[in-house]
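Chemist: Sharing a model prediction with you, sequence too.
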Amino acid sequence: MGLLSVRHPQFNFFAPRMELAQRFALHGLEHILSGADHLVFLVVLLASAVHWRRWLMLLTGFTLAHGLTFGLAALGWVDVPTSWVESLIAASIVWVA
């Protein structure tokens, strides 16, 4: 698995796995912290005072769904108007709340 970005315009296929995992995790953290919708979702989860297993399931489900839809869009397999996507994101935050 590789990750290309402005900061990392090249990919070393033979880099140590821990280095790749660390780079991937840092990119994910930057992505979460840069999006208001992501932060609102996390605040709603934390404020809900649900059992930690339910919290973990919701967070994992969100992460998997987000990654899947991002991947499908990046591959060009799904092309949905931005207004629909933003509305669905807001609806999912309301539903979790």
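Modeler: Yep, that arrived. Computed from a predicted structure; not experimentally measured.

Chemist: which SSE is residue 91 in?
Modeler: Taking DSSP states H and E as the definition, one finds residue 91 inside helix 82-96.

Chemist: Can you list the buried residues in that helix?
Modeler: For helix 82-96, the neighbour count (16 or more other Cβ atoms under 10 Å) marks 89, 92-93, 96 as buried. No exception for glycine: its C-beta is placed from N, CA and C like everyone else's.

Chemist: quick one: contacts of it?
Modeler: Helix 82-96 is contacted by residues 37, 40-41, 44-45, 48, 58, 62 when judged by Cβ atoms under 8 Å, 6 or more residues apart in numbering.

Chemist: List the ones among these that fall in helices.
Modeler: Using DSSP state H, the subset of the contacts of helix 82-96 located in helices is 37, 40-41, 44-45, 58, 62.

Chemist: among those residues, which ones are buried?
Modeler: 41, 45, 58, 62.

Chemist: The third one against residue 42, yeah?
Modeler: No - the pair residue 58 and residue 42 does not pass the contact test of Cβ atoms under 8 Å, sitting 10.1 Å apart.
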